[in-house]
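# Structure for the following, please:
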Amino acid sequence: MLNRNKYPRTKYFISKRFQGKFMCSIYLLVALVVVIFAAVFAMSTTQSMTITYDNSNLQLGSTPFILFKKLLAAGWILITILGCIAAVVALFQSHRIAGPLYKFELILDQMCRGILDPRVNIRKSDEAQEVIAKLQALNLFLAGKVTDIRRQVDYLEEEMKTGTTQRQTEAVQELKQILAVFEIKQ
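Numbering: from 1, shown residues only. Next comes the predicted model:
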């Protein structure tokens, strides 16, 4: 038997607010479809009368009203079962959106702390592949620029060993302090 998921899911809600709203909207969509179907079906029989037996009671009434009541009664079963199934499917599908959003937050938090990691990975089935590629390019660009500046500072420091002014020494030290904030992962 193939093990499709090497990493078992430990968190079902990555972003509770986003995923909760997504699941609720899918559930409400199912309920709305069932109610609209019942209304359209009942309205298609507007010019007829129906005679029914309900618990040994004879009922006479307009076909749309009787059909609408019966369809809604059966519809609640559909709304409950299909709505729950649709909400669970929506939960797992929302991982393809919420997972990359969570990853973006982590990467941006790292970047704010000065940690530049050009390796940004998400699952191939996740959405936002283009945005991740651009975020990787940004991290790679910034890491390259910081590396270039560090190289130039080292060069200036070597050149200053032959003779420098106090201001040049202070400038190089300031640049080193600024660059010390950045950590580049390879």
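# In three-state terms, how would residue 18 be classified?
Judged by DSSP: H, G, I helix; E, B strand; the rest coil, the three-state class of residue 18 is helix.
# My guess is it contacts residue 99. True?
No: Residue 18 is beyond contact range of residue 99, at 11.0 Å (criterion: C-beta atoms under 8 Å). Quick note: C-beta positions are derived from backbone N, CA and C, even for glycine.
# Among those two, which residue is more densely surrounded?
More crowded of residue 18 and residue 99, by other C-beta atoms under 10 Å: residue 99, with 18 against 15.
# In which helix or strand does the more buried one reside?
Using DSSP states H and E, residue 99 sits in helix 63-112.
# so what does that helix touch, helix or strand wise?
If you count contacts as 3 or more C-beta pairs under 8 Å, 6 or more residues apart in numbering; DSSP states H and E, helix 63-112 packs onto helix 16-43, strand 49-54, helix 129-160.
# which residues sit in contact with residue 101?
14, 15, 18, 128 (C-beta atoms under 8 Å, 6 or more residues apart in numbering).
# 7 Å instead?
Shown in contact with residue 101 (C-beta atoms under 7 Å, 6 or more residues apart in numbering): residue 15.
# Could you look up the SS state of residue 47?
coil.
# per-residue pLDDT, it?
With respect to pLDDT, residue 47 scores 71.
# Am I right that residue 178 sits in a strand?
No: counting by three-state DSSP, residue 178 falls outside a strand, being helix.
# Quick check: it vs residue 156, distance?
Computed as C-beta to C-beta, to the nearest Å, the residue 178 to residue 156 distance reads 14 Å.
# My read is that residue 169 contacts residue 163, right?
No: counting by C-beta atoms under 7 Å, residue 163 is not a contact partner of residue 169; they are 10.9 Å apart.
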